[in-house]
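> Give me a model of this one.
(one chain, ligands or ions: 1)
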Amino acid sequence: MVSRPHGGRLVRRVLSGRRREIFESQYREMPRLEVPLERAIDAEDLARGVFSPLEGFMVEDDYLSVLSRMRLSNDLPWTIPIVLDANREWVLNEGVSAGDDIILTYHGLPIAVLTLEDIYSWDKGLHAEKVFKTRDPNHPGVEATYKRGDILLGGRLELIQGPPNPLERYTLWPVETRVLFKEKGWRTVAAFQTRNVPHLGHEYVQKAALTFVDGLLVHPLAGWKKRGDYRDEVIIRAYEALITHYYPRGVVVLSVLRMNMNYAGPREAVHHAIVRKNFGATHFIVGRDHAGVGSYYGPYEAWEIFREFPDLGITPLFVREAYYCRRCGGMVNEKVCPHGDEYRVRISGTRLREMLGRGERPPEYMMRPEVADAIISHPDPFI
Ligand SMILES: [Zn+2]
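Down below sits the predicted model:
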């Protein structure tokens, strides 16, 4: 049996049928809050059970509890606040209060109905310090926090429609992956989080995990990019090439997840694990410096934090970073190779990017030629 959803029940809050008709006739009279793409994505992820057991944006009790002790107020592990912000002026102009229904719009398109339960203010400095372990505005997550509105709105929501998604045909929601894993007869599934094209180090880590489980969920995060990142469709093509040529048939599911990236390091590693539990994964591969940025987090902090969550309900897999060893003659890691640094060839993402950017195939001990070709053949692989 695949894993139970976090909190025991998979959330599904998509407006349909009679209830949808009722709302459609009332849209125009309801207060509207225009949200950026990040919040529209949160709303869809909430409604489709990615963040089970959350049924909407956090109320203050849960928010403060997550901030201070990395648990919801009911004690369930939860590390990243999922909150909706608004400007004070909007709250005053609309005169909204608890019990009101609000339409969230993205580019004017109705996304979700939020039933307001709680309006509260937040201390962004404290938020930054707790979630990101720094108040430094150069940290991308901190910078994004400081730009948000002063007021938070908590409450359950119902999805009208997700924001437009160019990767819809590559997207599977938790209810779908669960059915798929069940059909395949997988009892154990390891999920791999990525935002990159696969090199041999990634393949080594995935195959190390796959040795012990029935199936692998390769789960790229999409839709949250900075300059120089690989385009989502390039990551998909590269993985398709790798899976076709180097994985046994039927042991990998490749699916895209559109979810915001916070760069919150250790806290986000736990968050990524919880989310994959909702997709049905029983194991989660945690990278070295997982979801880190710059030098805000120690290289193994994202592993150590899991000790604080014996009740997580998904097993973290800590596979050491792989490199090519010239003495061993293959991909190995520090735990299995006794040879010195002079024999170790580490795969540098920056170097790969430079080579691929020039249209060059990297050496075969770094990247599979079919993967390199899939990337190079794209007219414009980078953002
Ligand atoms: Zn060696």
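> C-alpha only now, for contacts and for neighbours.
Will do.
> Contacts for stretch 325-344, please.
With contact meaning C-alpha atoms under 8 Å, 6 or more residues apart in numbering, stretch 325-344 is reached by Leu200, Gly201, Tyr204, Arg320, Glu321, Ala322, Tyr323, Tyr324, Val345, Tyr365.
> Quick check: neighbours of the longest strand belonging to the chain in the sheet, parallel or antiparallel?
For the chain, the longest strand by residue count, based on DSSP state E, is strand 109-121. Using DSSP bridges, the strands paired with strand 109-121 are strand 101-106 (antiparallel), strand 151-159 (antiparallel).
> The contacts of stretch 325-344 in strands, which ones?
Those of those lying in strands (DSSP E): Ala322, Tyr323, Tyr324, Val345.
> would you put the C-alpha positions of stretch 91-110 in PDB?
Provided in PDB are the C-alpha atoms of stretch 91-110 (Å, rounded to 0.1, in the frame of the first residue of the first chain):
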ATOM      1  CA  VAL A  91      -8.900  45.100   3.600                       C
ATOM      2  CA  LEU A  92     -10.200  48.500   4.700                       C
ATOM      3  CA  ASN A  93     -11.800  49.300   1.300                       C
ATOM      4  CA  GLU A  94     -13.600  46.000   1.000                       C
ATOM      5  CA  GLY A  95     -14.500  46.000   4.700                       C
ATOM      6  CA  VAL A  96     -14.300  42.200   4.800                       C
ATOM      7  CA  SER A  97     -14.700  40.200   7.900                       C
ATOM      8  CA  ALA A  98     -14.700  36.600   9.100                       C
ATOM      9  CA  GLY A  99     -17.500  34.600   7.400                       C
ATOM     10  CA  ASP A 100     -17.200  36.500   4.100                       C
ATOM     11  CA  ASP A 101     -16.600  34.700   0.800                       C
ATOM     12  CA  ILE A 102     -13.800  36.300  -1.300                       C
ATOM     13  CA  ILE A 103     -13.000  35.600  -4.900                       C
ATOM     14  CA  LEU A 104      -9.300  35.200  -5.600                       C
ATOM     15  CA  THR A 105      -8.500  36.300  -9.200                       C
ATOM     16  CA  TYR A 106      -5.300  35.900 -11.300                       C
ATOM     17  CA  HIS A 107      -5.100  38.400 -14.200                       C
ATOM     18  CA  GLY A 108      -8.800  38.900 -13.600                       C
ATOM     19  CA  LEU A 109      -9.600  35.200 -13.900                       C
ATOM     20  CA  PRO A 110     -11.500  33.800 -11.000                       C
END
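> Buried residues, that stretch. List them.
Val91, Asp100, Asp101, Ile102, Ile103, Leu104, Thr105, Tyr106, Pro110 (16 or more other C-alpha atoms under 10 Å).
> so the fourth one touches Pro31, yeah?
When you say that, I think you mean Ile102. Yes - counting by C-alpha atoms under 8 Å, Pro31 is a contact partner of Ile102 at 5.2 Å.
> next structured bit after the helix or strand containing Val275?
Per DSSP states H and E, Val275 falls inside helix 265-278. Beyond helix 265-278 on the C-terminal side, the first helix or strand identified by DSSP H and E is strand 283-285.
> Figure out how far that next one is from the centre of its chain.
Per C-alpha atoms, centre = their mean, to the nearest Å, the displacement of strand 283-285 from the mean C-alpha position of its chain is 13 Å.
> What is it packed up against?
Applying 3 or more C-alpha pairs under 8 Å, 6 or more residues apart in numbering; DSSP states H and E, one finds that strand 283-285 contacts strand 189-194, helix 265-278, strand 315-317.
> residues touching Ala322, list them.
Gly201, His202, Tyr204, Val205, Met331, Val332, Asn333, Glu334, Arg346.
> I'd like the distance between it and Arg288.
11 Å (C-alpha to C-alpha, to the nearest Å).
> and if you look at Gly201?
The value you get for Gly201 to Arg288, if C-alpha to C-alpha is used, is 12 Å.
> Repeat that for Glu203.
Glu203 is 15 Å from Arg288, by C-alpha to C-alpha.
> Repeat that for Pro363.
Pro363 is 24 Å from Arg288, where distance means C-alpha to C-alpha.
> More neighbours: which of those two?
The neighbour count for Pro363 versus Arg288, taken as other C-alpha atoms under 10 Å, is higher for Arg288 (18 against 12).
> Shouldn't the more buried one be within a helix?
No - counting by DSSP: H, G, I helix; E, B strand; the rest coil, Arg288 is not part of a helix but coil.
> Which residues are in contact with it?
Counting by C-alpha under 8 Å, 6+ apart, Arg288 touches Pro299, Tyr300, Ala302, Trp303, Arg320, Glu321.
> Looking at the residues you listed, spot the one nearest Arg69.
Nearest to Arg69 among the contacts of Arg288 is Ala302, at 16.4 Å by C-alpha to C-alpha.
> In contact with the closest one: list those residues for me.
Ala302 makes contacts with Gly265, Pro266, Arg267, Ala269, Val270, Val286, Gly287, Arg288, Asp289, His290, as judged by C-alpha under 8 Å, 6+ apart.
> at 10 Å instead, please
Counting by C-alpha atoms under 10 Å, 6 or more residues apart in numbering, Ala302 makes contact with 264-270, 286-292, 318.
> Need phi/psi at it.
Reported as degrees, to the nearest 10, the phi and psi values for Ala302 are phi -70, psi -10.
> Okay, it and the ion: tell me how far apart.
Going from Ala302 to the ion by C-alpha to the ion, to the nearest Å gives 26 Å.
> Tell me the confidence at that residue?
Looking at Ala302, its pLDDT is 92.
> same deal with His290?
If you check His290, the pLDDT there is 85.
> Test my guess that it contacts Asn262.
No - with contact defined as C-alpha atoms under 10 Å, His290 does not reach Asn262; the gap is 11.4 Å.
> Gly340 versus the residue in the chain sticking out farthest from the centre, what's the distance?
Most distant residue from the mean C-alpha position of the chain: Arg327, 37.1 Å away (C-alpha atoms, centre = their mean). In this view, Arg327 and Gly340 are 9 Å apart by C-alpha to C-alpha.
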